[in-house]
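# Can you look at this prediction? I've put the sequence above it.
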Amino acid sequence: MPAPTAPEVTAVSDVGRVTGETATDVDEGESLLEVDGLKKYFAQESGLLSGVSIDTSQFPPIDVGQERVKAVDDVSFEVRRGETLGLVGESGCGKSTLGRTILRLLEPTDGTIAFKGDDLATLSGEAIREKRSEMQMIFQDPQASLDPRMTVGRIIEEPMRAHGMLDDEGREARAKELLEKVGLDPHHYERHPHAFSGGQRQRVNLARALSVDPDFVVCDEPVSALDVSIQAQVLNTMDQLQDEFGLTYLFIAHDLSVIRHISDRVAVMYLGNIVELADKEELFENPQHPYTEALLESIPVPDPRKRNARGVLEGEVPSPVNPPSGCRFRTRCPKLIAPERYELTEEEWAHTRAFMRAVKRRGFEPTAAADLEREFFDGELPGGEAGEIVAEALELIATDSERSAGGNGASAESSADGEGAAVDWETATERLLEAFAEQSICARERPAYEVDPAYGSGTHYAACHRHR
Ligand SMILES: Nc1ncnc2c1ncn2[C@@H]1O[C@H](COP(=O)(O)OP(=O)(O)OP(=O)(O)O)[C@@H](O)[C@H]1O
């Protein structure tokens, strides 16, 4: 049976933990949370036939299983007591879904979430409710998460009331103490949220989350909505509160400078997978996944000459409904590994890869084969089978240019020849992807490696086949 939480908290005399008493058997630095093989899939939301895929080869042509958004797809990591684990990645990569699923605000599709040894994924509703005092969440928008009709005192007391903690007087005293701890004036107890600035409102949220004396707090973009000048102040307060309350944070942000400020270790997420995880210094100084490198390169730098030299990620993030096989980043990866069968030189592969991607996104005007050969291959195609495949693709696209240029002025889109042209792009794309992208180890196996750290002795996980 889960330990009752209320009596333990009644014993708190100061707003922090009672000296000598810890609410957990987990020692500092030991694993507080272990996530293993966690998945969260959503049914597709929009449309009349949401979540249903259509197969016209059958009758009836629908209902052949749900199309699902693989927001979190087989994620494993641990969070150690007392640390801040930063979770970073572009918008839509699954960070919030991961945070919410860990706290069972969303039902996991598969996997385990061991919190101090209990598997949260299998706990019943009531058991989860009891656990909630140990695990809290802070959201991005401090405005939306505060009821404007309630005083901040009442807002902070509400979770304590819900968990049957303390009596009225005790709750008021604790709320006032917490206001002070988070850097607000205890006399503001009777004020309403509208009287506070964005930064102050986020402090009220902090006080509310801490009121039930949690061990673990998921912070979902807690400073993203705040002015940059205020962000550092709130982050510093969160740091102090962590020490004082013995808190463990999972800190979600898309902003790498925020992650760098607050984290002890950092996990990088891309399209539902964790692609790299290491100590903060190791991750920032010795990144080993091309996605992490790209993220780091896209941090704005003050020197505009340097900024110009920095690369940007090519292509779009693929759909999480049908993510790429193997390494999820491979369709955009500047370091996609050459298929072994062709024995291409590095330069030949760089040319072929660039050509393949340009064809895929139709990123150039079709012209004569010789011109394309010059543009993409410096006038010299790779040798052997690879060269033959490239030549074939070039022909398909170059033929296309002759057809659309040789017509009587009709555009490629509107003429009958245009339809033929579109098919040729498609055939060329298919041929190139099948022969090169799909043959790469990056498409065939899911990567998972540990690399030797250059900074410190912590484990450095990098899901990239360059480390095989
Ligand atoms: N309730 C839902 N139903 C269907 N799809 C969802 C749902 N919630 C999230 N998704 C999808 O899951 C994927 C991950 O979304 P999530 O919000 O977790 O990403 P994120 O990294 O936190 O991005 P952001 O910072 O923009 O919130 C996205 O493709 C999103 O559209």
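Structure's in. What do you need?
# Going by C-alpha atoms from here, please, whenever you check contacts or count neighbours.
Fine.
# got the contact list for whichever residue of the stretch 201-350 of the chain sits closest to the ligand?
Nearest to the ligand in the stretch 201-350 of the chain, going by C-alpha to the nearest ligand atom, is Pro320, at a distance of 5.8 Å. By C-alpha atoms under 8 Å, 6 or more residues apart in numbering, the contact set of Pro320 is 69-71, 271-272.
# just Val218 next, same as before
Neighbouring residues of Val218 by C-alpha under 8 Å, 6+ apart: 99, 135-138, 249-252.
# got it, and Glu221?
Here Glu221 is in contact with 139-140, 251-254 (C-alpha under 8 Å, 6+ apart).
# Most neighbours of all these, which one?
Counting neighbours by other C-alpha atoms under 10 Å, the top entry in the contacts of Glu221 is Ile252, with 27 neighbours.
# Just the strands from this protein, written as ranges.
Counting by DSSP state E, the chain has strands at residues 31-43, 68-80, 84-88, 110-115, 118-119, 135-138, 216-220, 248-253, 265-270, 273-279, 449-451, 460-462.
# Starting from the third one, tell me which strands it pairs with and how they run.
According to DSSP bridges, strand 84-88 forms sheet pairs with strand 248-253 (parallel), strand 265-270 (parallel).
# Next, the angle from it to strand 216-220.
Here strand 84-88 runs at an angle of 30 degrees relative to strand 216-220 (axes from the mean of the first three to the mean of the last three C-alpha atoms, to 10 degrees).
# what sits up against strand 84-88?
Strand 84-88 is contacted from outside by 79, 95, 248-256, 259, 262-269, using C-alpha under 8 Å, 6+ apart.
# and if we set it to 6 Å?
With C-alpha atoms under 6 Å, 6 or more residues apart in numbering as the test, strand 84-88 has contacts from 248-254, 259, 263-268.
# Columns distance to Ala370 and pLDDT on top of these, output as JSON lines?
Listed next are those as JSON lines, based on distance: C-alpha to C-alpha, whole Å; pLDDT from 0 to 100:
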{"residue": "Thr248", "distance to Ala370": "61", "pLDDT": "98"}
{"residue": "Tyr249", "distance to Ala370": "58", "pLDDT": "98"}
{"residue": "Leu250", "distance to Ala370": "55", "pLDDT": "98"}
{"residue": "Phe251", "distance to Ala370": "53", "pLDDT": "98"}
{"residue": "Ile252", "distance to Ala370": "50", "pLDDT": "98"}
{"residue": "Ala253", "distance to Ala370": "48", "pLDDT": "96"}
{"residue": "His254", "distance to Ala370": "44", "pLDDT": "93"}
{"residue": "Ile259", "distance to Ala370": "49", "pLDDT": "97"}
{"residue": "Ser263", "distance to Ala370": "53", "pLDDT": "98"}
{"residue": "Asp264", "distance to Ala370": "54", "pLDDT": "98"}
{"residue": "Arg265", "distance to Ala370": "51", "pLDDT": "98"}
{"residue": "Val266", "distance to Ala370": "48", "pLDDT": "98"}
{"residue": "Ala267", "distance to Ala370": "46", "pLDDT": "98"}
{"residue": "Val268", "distance to Ala370": "42", "pLDDT": "98"}
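# Keep the residues you listed, but drop any that are not near the ligand.
With C-alpha under 6 Å from any ligand atom as the criterion, the contacts of strand 84-88 include none near the ligand.
# quick one: which of those is nearest Ser440?
The nearest member of those to Ser440, counting by C-alpha to C-alpha, is Val268 at 23.0 Å.
# which ones are touching the closest one?
Taking C-alpha under 6 Å, 6+ apart, we find Val268 in contact with 87-89, 274-276.
# before we move on, what about His194?
Taking C-alpha under 6 Å, 6+ apart, one finds nothing in contact with His194.
# distance of it from the ligand?
25 Å (C-alpha to the nearest ligand atom, to the nearest Å).
# Distance of that residue relative to Val152?
As defined by C-alpha to C-alpha, to the nearest Å, His194 lies at a distance of 10 Å from Val152.
# okay if I get the contacts of Val268 as JSON lines plus distance to the ligand and neighbour count?
Shown next, in JSON lines, are the contacts of Val268 (distance: C-alpha to the nearest ligand atom, whole Å; neighbours: other C-alpha atoms under 10 Å):
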{"residue": "Leu87", "distance to the ligand": "9", "neighbour count": "28"}
{"residue": "Val88", "distance to the ligand": "8", "neighbour count": "26"}
{"residue": "Gly89", "distance to the ligand": "6", "neighbour count": "24"}
{"residue": "Ile274", "distance to the ligand": "11", "neighbour count": "26"}
{"residue": "Val275", "distance to the ligand": "14", "neighbour count": "27"}
{"residue": "Glu276", "distance to the ligand": "15", "neighbour count": "25"}
